[in-house]
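A.B. asks: Okay, predicted coordinates and the sequence, questions at the end:
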Amino acid sequence: MTADDLTFGLYYDFRCLDPEPTALTERWQGILEQVSWAETLGYGSVWISEHHFLGDNYAASTLTLAAALAARTERMWVGTNVLVLPVHDPVRLAEEALTVDALSGARLRLGMGLGYRAADYPPFGTSLAARRRRFEDHWRVLRTACRGEPLDGGDVHVSPRPVRDGGPELWIGALSAQAIERAARLADGFVCVLPDQVPEYVAARRALGLDDGRVALGNQWIVAEDPERTFAAVAPHILYQVNAYADYGAFGPPETVPRLTEPQQLLDHGHYQLHDAASAAEALVPMLAAGPVVDCFSWTLFPGEPLDRAAERIEYTAAQLLPLVRARLA
């Protein structure tokens with residue numbers, strides 16, 4: 001991979017905290033507009049998170065949103081980070097993924113994971129305990145269907161047909177050693193949010209006799225010209241985000257994880273780092289140079305944050321950080 005092949009991405013959960021009836025439509029349309037604009041600045045990917053049954057409008061129908069983003073962009077990869085595979089019917093999911101891949105001109109990266117929030121599973125007829133078995137069972141069906149191969153050895157093929165060899169890219173997001181090995185063994189790429197795990201993924205690929213694979217690397221950074229001032233403005237929104245993830249069980253059993261009350265705790269606990277373009281490049285370039293990273297993305301819009309404030313960071317990053325990183329990698 002060359003510096004020119006590396007893409008930089010946006011990451012949204014589509015939450016809308018405003019209870020006003022028109023606010024959800026306005027915010028979601030605003031996100032579509034923001035992503036379209038960001039593409040003109042040089043961003044090369046957009047990722048959509050997924051959870052279910054939440055009162056703050058967290059993205060649940062990720063491929064519907066991916067289709068909307070595909071229609072508003074021309075070159076960006078459109079990815080899910082991550083879709084909770086055990087709660088999806090794999091045949092129906094294949095139909096939706098093939099549809100989005102065709103609509104986008106083969107730009108879908110379908111990132112999937114086990115999930116971890118216990119409440120996501122029962123309404124779909126499954127449970128947290130059953131997720132690992134269901135993941136691999138669903139993966140096999142999904143991979144077969146997305147390749148355009150017949151289901152169950154019969155003569156039934158899903159529609160539409162694949163628009164590229166192998167169908168849409170199927171990626172896996174993972175945190176545990178077992179899940180990273182699964183990503184290395186099964187997936188077209190690894191969605192990684194902890195940079196220290198990239199070498200673990202590469203080692204797992206090599207142990208299987210494979211190449212080093214591909215990684216989409218996330219970071220938890222605030223990058224701005226004046227990062228301290230920007231952080232002070234956005235901290236209430238990040239506190240909401242981090243505490244919500246604690247409620248979901250992202251950091252361990254919810255009853256054992258203290259909730260944060262002060263902005264400084266977000267930094268002290270390592271949830272976020274503050275950077276200007278120069279310090280971000282200093283930290284980022286060694287990560288990108290050391291592993292098979294093809295995309296680097298970060299949270300773009302925090303819950304309840306105004307779109308125009310996020311736009312300031314998008315524009316600063318595009319104008320200052322991305323050229324600096326590309327120049328150093330070259």
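C.D. replies: Here it is on my side, so go on.
A.B. asks: which residues does Trp139 contact?
C.D. replies: Residues counted as contacts of Trp139 (CB atoms under 8 Å, 6 or more residues apart in numbering) are Leu85, Pro90, Met112, Leu170, Leu186. (Glycine included, C-beta is placed from N, CA and C.)
A.B. asks: Swap in 7 Å and give it another go.
C.D. replies: Leu85, Leu186 (CB atoms under 7 Å, 6 or more residues apart in numbering).
A.B. asks: just the CA coordinates of the one helix or strand it maps to, formatted as CSV?
C.D. replies: Here Trp139 sits within helix 131-146, counting by DSSP states H and E. The C-alpha coordinates for helix 131-146 follow below in CSV (Å, rounded to 0.1, in the frame of the first residue of the first chain):
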residue,chain,number,x,y,z
ARG,A,131,-23.8,-15.0,19.9
ARG,A,132,-20.6,-16.8,19.1
ARG,A,133,-22.2,-19.9,17.6
ARG,A,134,-24.7,-17.8,15.7
PHE,A,135,-22.0,-15.6,14.4
GLU,A,136,-20.0,-18.3,12.6
ASP,A,137,-23.2,-20.0,11.4
HIS,A,138,-24.5,-16.8,10.0
TRP,A,139,-21.1,-15.9,8.5
ARG,A,140,-21.0,-19.1,6.4
VAL,A,141,-24.4,-18.5,4.9
LEU,A,142,-23.7,-14.8,4.4
ARG,A,143,-20.4,-15.4,2.6
THR,A,144,-21.9,-18.0,0.3
ALA,A,145,-24.9,-15.8,-0.6
CYS,A,146,-22.8,-12.7,-1.1
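A.B. asks: Would you mark the buried spots in that helix?
C.D. replies: Arg131, Arg134, Phe135, His138, Trp139, Val141, Leu142, Arg143, Thr144, Ala145, Cys146 (16 or more other CB atoms under 10 Å).
A.B. asks: On the pLDDT front, check the second one for me.
C.D. replies: Reading off the per-residue confidence, Arg134 sits at a pLDDT of 97.
A.B. asks: ok so, going back, nearest to Val46, of the buried residues of helix 131-146?
C.D. replies: Lowest distance from Val46 to the buried residues of helix 131-146 (CB to CB) belongs to Cys146, with 20.6 Å.
A.B. asks: which residues touch the longest helix belonging to the chain?
C.D. replies: Ordering each helix of the chain by length in residues (DSSP state H) puts helix 227-248 first. Residues outside helix 227-248 that contact it (CB under 7 Å, 6+ apart) are 51, 116-117, 222, 224, 251, 254, 257, 259-260, 263, 266, 271-272, 274-276, 302-305, 309, 313.
A.B. asks: go on, stretch 307-323?
C.D. replies: Under the criterion CB under 7 Å, 6+ apart, residues 8, 30, 34, 38, 41-43, 223-225, 230, 233-234, 277, 280-281, 300-301 lie in contact with stretch 307-323.
A.B. asks: ok, 6 Å please
C.D. replies: Outside stretch 307-323, the residues that touch it by CB atoms under 6 Å, 6 or more residues apart in numbering are 8, 30, 34, 38, 41-42, 223-225, 277, 280, 300-301.
A.B. asks: Reformat these as CSV; add neighbour count, secondary structure and distance to Ala216.
C.D. replies: Output for the contacts of stretch 307-323, formatted as CSV (neighbours: other CB atoms under 10 Å; DSSP: H, G, I helix; E, B strand; the rest coil; distance: CB to CB, whole Å):
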residue, neighbour count, secondary structure, distance to Ala216
Phe8, 21, strand, 11
Gly30, 17, helix, 25
Gln34, 21, helix, 20
Ala38, 24, helix, 17
Leu41, 13, helix, 19
Gly42, 14, coil, 17
Val223, 23, strand, 18
Ala224, 23, coil, 23
Glu225, 13, coil, 26
Ala277, 20, helix, 21
Ala280, 24, helix, 18
Thr300, 24, coil, 15
Leu301, 25, coil, 18
